[in-house]
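Colleague: mind looking at a prediction? Sequence and model below.
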Amino acid sequence: MELRQLRYFVSVVEHGSMGRAALELGVVTSALSQQISRLESELSTRLLQRTSNGVVPTDAGLAFWRQAQLALRHADAAASAARSARLSGHVSVGLAPSTASVLGVAFARSMRERYPDVRLRIVESLSGYLSSMLGARQIDLAVIFHEVPAQRWSVMPLLDEPLFLIGAVDLDGMPSGASVRLRNLDKLPLILPSSTHGLRSQLATAFKRARFEPNVVAEVDGLALLMDMVCAGMGATIQPGAALARPAPVPLASVPVAEHYATRPNMIVSVSDDELSPAGLAARVVLADVARQLVREGRWPGARLRTPTVHET
């Protein structure tokens, strides 16, 4: 016996008609009649008497209707109690530095507003390290930029970030215009992450496809220091738009990279759903909601939303 069948039966008795009850419930009459017949078969008794004017409950149906109403009230009260109960527990979330700069504070604020009894731990690290921490169960979920094979994770594609050439407005050789191709950067001095950084690996692939040899004058893995050097006029960098989220002490120019493959995918990756705690499941929903809101409000430079789906790998 299902709660759905109880609701169907109560509605039929209250309306005195299969058709009117089906209309209120948003189901076809044949499906409603089939569920009532299954209920009668399970109880081995006739609950409704068909008449020329509709249906009326039998004596057994009347007795069952009273108890069904009581059961539904209890079920609704239980659901209300569950919804109003304050979720507690703890969750660890990993963010890369560029992602944290645009998403971190808004996510933490939203978690505190929605789930004040959940203790949130945010770990800021490179995407590759976050993947390792997920594999070692040191964090519950993270925003990373590539899938790792042979891991039983839940993966939610979130958004794509085009890359930008970013530099001081007075930097020699800094291009202007609506976009720039990698091969046109010539000998512009570049400050990039080192080879251990996921973005540098992606850039290396893009440089190879564009047949461009970059003039890398410095390698810096910390985003804050890297952007400080860019602001100081020591070179330009290539970063996703999230790197522009923090206020800069000097005016910076940002030009989108024209190559369509110069894009960084963002995905929310977590341990499998059967391992993820209720607090972790809630945090994943909040993280996705906040990210989408930032993109829609234009507060995540250049980002484009993906269709929200979750799959296991």
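Modeller: That came in fine, so what should we check first?

Colleague: so where's the protein uncertain?
Modeller: 81-85, 147-151, 307-313 (pLDDT under 70).

Colleague: and the helices in it, which stretches?
Modeller: Assigned by DSSP state H, the helices in the chain fall at 3-15, 18-25, 29-43, 59-84, 97-114, 127-135, 198-210, 223-231, 278-296.

Colleague: and of the ones you listed, who's closest to Val143?
Modeller: For Val143, the closest of those is helix 97-114, at 5.0 Å, according to Cβ to Cβ. C-beta coordinates here come from the backbone N, C-alpha and C atoms, glycine included.

Colleague: give the buried residues for that closest one.
Modeller: Buried residues in helix 97-114, counted by 16 or more other Cβ atoms under 10 Å: 97-104, 106-108, 110-111.

Colleague: one more: stretch 216-226?
Modeller: 220-221, 223, 226.

Colleague: for stretch 291-306, same thing?
Modeller: Across stretch 291-306, burial judged by 16+ other Cβ under 10 Å covers 291-292, 294-295, 300-303, 305.

Colleague: need the residues you listed in JSON lines with distance to Ser277, can you?
Modeller: Conversion of the buried residues of stretch 291-306 to JSON lines gives the following (distance: Cβ to Cβ, whole Å):
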{"residue": "Ala291", "distance to Ser277": "21"}
{"residue": "Arg292", "distance to Ser277": "23"}
{"residue": "Leu294", "distance to Ser277": "25"}
{"residue": "Val295", "distance to Ser277": "27"}
{"residue": "Trp300", "distance to Ser277": "28"}
{"residue": "Pro301", "distance to Ser277": "33"}
{"residue": "Gly302", "distance to Ser277": "34"}
{"residue": "Ala303", "distance to Ser277": "28"}
{"residue": "Leu305", "distance to Ser277": "27"}
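
Colleague: which of those sits closest to Ala21?
Modeller: Of all the buried residues of stretch 291-306, Ala21 sits closest to Arg292, with 38.4 Å by Cβ to Cβ.

Colleague: ok, the closest one touching Ala303?
Modeller: No - under the criterion of Cβ atoms under 8 Å, Arg292 is not in contact with Ala303, lying 9.6 Å apart.

Colleague: looking at it, Val13 is touching Thr58, isn't it?
Modeller: No - proximity of Val13 to Thr58 does not meet the contact threshold set by Cβ under 8 Å, at 10.6 Å.

Colleague: give me the common contacts of these two.
Modeller: Counting by Cβ atoms under 8 Å, 6 or more residues apart in numbering, the shared contacts of Val13 and Thr58 are Leu48.

Colleague: okay, these two: which has more neighbours?
Modeller: Applying other Cβ atoms under 10 Å to Val13 and Thr58 shows that Val13 carries more neighbours, namely 20 against 15.

Colleague: how close does that one sit to Thr45?
Modeller: Relative to Thr45, Val13 is positioned 15 Å away (Cβ to Cβ, to the nearest Å).

Colleague: now flag whichever of the buried residues of stretch 291-306 is closest to Gln49.
Modeller: Arg292 (52.9 Å).

Colleague: how about the closest one, nearest residue that isn't a chain neighbour?
Modeller: Nearest-residue entry for Arg292: Leu305, 5.9 Å, with adjacent residues in sequence omitted and distances by Cβ to Cβ, 6 or more residues apart in numbering.

Colleague: partners of the one you found in the sheet?
Modeller: Here Leu305 shows beta-bridge partners Leu159, assigned using DSSP bridges.
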